[in-house]
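>>> Okay, sequence plus prediction incoming.
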Amino acid sequence: MSVRSAVSPSVPPSASSRPAPGPAEARRTPAALLHRTMARPTTADSEPELAPRWVRWLPVLLILTDLLIEAVFPQATAAGFLLTALPVLVAFGFGALATALSGVGAVALQLVLAARVGHLYEHHHLWVYLSTLIAALAGVMLAHQRNRQARHLVRARTVSEALQRTVLHPVPEQVGALRTAGRYRAAQAEVAIGGDLYELCHTPFGTRVLLGDVRGKGLEAVRTVADLLGAFRATAHEIADLAELAALLDRQVRRGAVECGDEELFVTALLLEHREGADTVRLINRGHLDPVLLSSGTVQTVHCPQDLPLGLGHLRPDGALPTGTAVPLTAGQTLLLHTDGVTEARDRDGRFYPLTERLATRFHGRASVTPEQVVAFVGDDVQVHGGPATDDLALLALSPAR
């Protein structure tokens, strides 16, 4: 296929480079790096974040209400009864010490209010004092447990963020001769990593990029992501031919499928190679979504022959490796790689996110668009369109560095 035929318009215009890892780095496993990260001091051991402001004002509101009732109805039953709930309210917004002090303060205020109307030693008031002390004890235990759970949550988030940084490296501003930008969003925010993956490497054979989507979700998908990215980082610097690199990754996914007993495990992926000074990139599509090219105010879908996804190459009837497709990428052009978390995001009416239409509308008439602008727009626009994430999302935008 010629370079010109590799790109077909889908929507007309409308109204610091990361150094190559050394042998020691290639041998680091995600588990080892994660263990090393967890061993460092984190903010997890500090006090948890304060409760929302309105929660911390509830005890004050209760005291003011109590005093107002006492002032308006001085001859009625002492309003100090309301203060029994004070330690529990304090426990939701403050620590155990503040809760204990609030219990003592509540009893003291009840004594003052009861004495004011001559009910200090009445039988039912004695039970109110005891109830307040019991509520204070329960509040102290509640505050302690709340803070304990908050610290565990902070630690879990710290581990989750460390895992994401270990498995998915941050996208640098430039890799080789390509200016780059990326965004990643896991469907489960508390996990921080899902079944989508990406990596960019500057190798002796040019800049190489991998973006993919693992079939399935959960821990098995994360394991496949870690294994595949580890294999890519270790071999992208050693194998000269991009098709052979794709074949090696295919075998890696196949081995993982056999080990976990999932014969249907596969990864749709795009592999890209760009050599410095070239005005084209080489693309190999292993069952993934076609990328999108933005050029001189137009938005075009890049069509290239699709091969079987990674992990299913053994089902190819002829056994021939795909050679890939040359796609033009010159100054002022930006190539966007994405996963189906973008195009399958639905709005309230069930309509899919129209990626090319939205890009064409947003950047109509723009002579050039930077990767940062493309990624920022699509990432935010998808969230507005589809609301809370229901699928993982990965975006990579590339353009020649000037």
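Received the coordinates, thanks.

>>> where are the low-confidence patches of the chain?
Applying pLDDT under 70 to the chain flags residues 1-50, 74-79, 156-166, 188-192, 217-218, 319.

>>> Show me which positions of stretch 108-122 end up buried.
By neighbour count, with 16 or more other Cβ atoms under 10 Å as the criterion, the buried positions of stretch 108-122 are Leu109, Gln110, Leu113, Ala114, Val117, His119, Leu120. No exception for glycine: its C-beta is placed from N, CA and C like everyone else's.

>>> Check which helices and strands the strand or helix carrying the fourth one sits against.
Under DSSP states H and E, the secondary-structure element containing Ala114 is helix 96-116. Helices and strands touching helix 96-116, by 3 or more Cβ pairs under 8 Å, 6 or more residues apart in numbering; DSSP states H and E, are helix 53-72, helix 86-93, helix 123-167.

>>> can I assume Leu398 sits in a strand?
Yes - assessed with DSSP: H, G, I helix; E, B strand; the rest coil, Leu398 lies in a strand.

>>> That one is in contact with Leu335, isn't it?
Yes - under the criterion of Cβ atoms under 8 Å, Leu398 makes contact with Leu335 at 4.9 Å.

>>> hmm, back to that, now tell me what touches the helix holding Ala114 from outside.
Residues lying outside helix 96-116 but in contact with it, judged by Cβ atoms under 8 Å, 6 or more residues apart in numbering, are 59, 63, 66, 70, 74, 78-81, 83-84, 86-87, 90-91, 94, 120, 122, 125, 128-129, 132-133, 135-137, 139-140, 142-144, 147.

>>> Equivalent analysis for stretch 306-319, please.
Residues lying outside stretch 306-319 but in contact with it, judged by Cβ under 8 Å, 6+ apart, are 212, 215, 228, 246-247, 249-254, 256-257, 265-269, 284-288, 322.

>>> ok, of those, which come out buried?
Among those, the ones that count as buried by 16+ other Cβ under 10 Å are 212, 215, 228, 246-247, 249-250, 252-254, 256-257, 265-269, 284-288, 322.

>>> Among these, name the ones in strands.
For the buried ones among the contacts of stretch 306-319, membership in strands holds for Gly212, Val267, Thr268, Ala269, Ile284, Asn285, Arg286, with DSSP state E as the criterion.

>>> Please enumerate the helices of this protein.
Assigned helices in the chain, in chain order: 23-27, 30-39, 53-72, 86-93, 96-116, 123-167, 219-235, 242-260, 340-343, 355-362, 371-386 (criterion: DSSP state H).

>>> Out of these, which is the most enclosed?
Across the helices of the chain, the average number of neighbours (mean count of other Cβ atoms under 10 Å) peaks for helix 86-93, which reaches a mean of 24.

>>> what's next to that helix, contact-wise?
Outside helix 86-93, the residues within contact range by Cβ under 8 Å, 6+ apart are 50-52, 55-56, 58-59, 62-63, 98-100, 102-103, 105-106, 132, 135-136, 138-140, 142-143, 146.

>>> what do you get for stretch 372-384?
Among residues not part of stretch 372-384, those counted as contacts by Cβ under 8 Å, 6+ apart are 181-183, 185, 294, 334, 336, 338, 341-342, 345, 353, 355, 358-359, 362-363, 389, 393, 395-397.
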